[in-house]
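*Asks:* Structure for the following, please:
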Amino acid sequence: MAEDIYMDIPAVTTMGNTFNTIGETLNTIAKIMDAAAKLLETVGWLGGPGLAAVGYWLDRMKPIVDNLGKMCLENAEGITGAIKSYRDGDNSGSAKFR
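*Replies:* Residues are numbered from 1 along each chain as shown. Purely as a prediction, here's the structure:
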């Protein structure tokens with residue numbers, strides 16, 4: 001028995017746009033924090049604890065922010081693809097949304 005599949009395209013489009021905005025924002029934050037950390041490291045007025053904090057950011061936090069930004073942008077692309085497939089009548093990927 002075939003199941004009917006319905007997508008609220010405006011709502012899903014909004015969701016995709018939100019993921020895209022979050023991804024771009026996270027990428028911008030990572031770039032700004034990286035530049036700020038490098039500037040503070042270059043200036044050298046942080047002292048030992050300050051340099052440790054910069055190292056922590058670069059080694060631990062930035063990769064997390066980078067990965068989250070990448071995942072959000074990938075989700076946005078997937079959602080856009082799902083909308084296109086739905087509009088074109090391709091239900092082969094519909095299992096992802098059950």
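*Asks:* And the closest residue to residue 66 other than its chain neighbours, what's its pLDDT?
*Replies:* Once flanking residues are discounted, residue 66 sits nearest to residue 30: 5.4 Å by CB to CB, 6 or more residues apart in numbering. (Each C-beta comes from the backbone N, C-alpha and C, glycine too.) As predicted, residue 30 sits at a pLDDT of 89.
*Asks:* Quick check: closest non-adjacent residue to residue 20.
*Replies:* Of all residues not flanking residue 20 in the chain, residue 76 sits nearest, at 3.9 Å (CB to CB, 6+ apart).
*Asks:* Quick one: list the elements packing against whatever helix or strand the one you found lives in.
*Replies:* Take DSSP states H and E as the rule and residue 76 turns out to sit in helix 62-88. If you count contacts as 3 or more CB pairs under 8 Å, 6 or more residues apart in numbering; DSSP states H and E, helix 62-88 packs onto helix 9-43.
*Asks:* same for the helix it packs on, what does it pack against?
*Replies:* helix 47-56, helix 62-88.
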